[in-house]
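1. Got a predicted structure here, sequence first:
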Amino acid sequence: MVILGLILVLIAVAIGAALLLGTQAPEVSGQEVDIRLFDAVTINLNPLTLVIAGMLTMLLLWLGLVMIKAALTRKAKQRRLRKEQEAESKRRLAEQEAAHQQELRERERAIEDQRVSTEIARERAEVAERHDPTIDAPTERISTRDAARGAPADDATRPIARDGGPVDDATRPIRRDPRP
């Protein structure tokens with residue numbers, strides 16, 4: 001593309017130089033060209049001035065087209081950038097919304113877990129309040145066992161020996177070393 005552009009520029013410079021040199025010839029430079037604008041204005045130009053005016057007109061046309069193209073490409077880039085930014089913004093917003101929803105779900109789970117834990121603790125407290133402590137007490141078991149053997153109920157707190165009878169000295173420490 002660049003090489004083709006350079007070739008076109010060189011051709012344009014060559015044609016322009018040929019036109020300028022051709023209009024400077026004495027037989028052509030003496031002629032004048034009449035140009036009428038809207039039947040109100042008439043301009044007399046020699047061929048050299050007419051060629052230069054044509055070149056300037058083409059230069060202005062070319063500059064105008066280049067500026068239009070630059071403006072359109074800049075607008076297209078801005079439009080594309082704006083669309084990308086909008087898409088990125090929507091994606092970021094969706095991520096933030098998903099994170100917010102996740103946080104809300106975690107909070108709801110935590111509140112539900114706390115509610116369940118409170119419910120369980122309340123149920124256990126109710127069970128503990130309804131529970132009769134004398135039913136499972138170790139003294140009751142001993143007294144039930146002693147009652148089955150015919151022992152009086154007031155001996156329920158005394159330790160029982162392995163053979164079933166009462167132990168004489170309950171305060172004596174247990175020896176761990178074997179006796180010879």
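-> Looks like it arrived, so ask away. Residues are numbered from 1 along each chain as shown.
2. Would you pull up how far stretch 93-103 lies from the middle of the chain?
-> Computed by C-alpha atoms, centre = their mean, to the nearest Å, the chain-centroid distance of stretch 93-103 equals 9 Å.
3. ok, so what distance separates the nearest residue in space to residue 44 that is not next to it in sequence from residue 48?
-> Once flanking residues are discounted, residue 44 sits nearest to residue 32: 4.8 Å by C-beta to C-beta, 6 or more residues apart in numbering. For every residue, glycine as well, the C-beta is placed using N, CA and C. From residue 32 across to residue 48, the span is 11 Å (C-beta to C-beta, to the nearest Å).
4. what does residue 58 give?
-> 16 Å.
5. Show me what the top helix by length along the chain is packed up against.
-> Criterion DSSP state H: the longest helix present in the chain is helix 47-130. Counting contacts by 3 or more C-beta pairs under 8 Å, 6 or more residues apart in numbering; DSSP states H and E, helix 47-130 packs against helix 2-23, helix 26-29.
6. Of all those, which one is nearest residue 100?
-> helix 2-23 (53.0 Å; C-beta to C-beta).
7. Spit out the contact partners of residue 18.
-> Applying C-beta atoms under 8 Å, 6 or more residues apart in numbering to residue 18 gives no contacts.
8. Residue 58 and residue 48 - which one has more neighbours?
-> More crowded of residue 58 and residue 48, by other C-beta atoms under 10 Å: residue 48, with 17 against 12.
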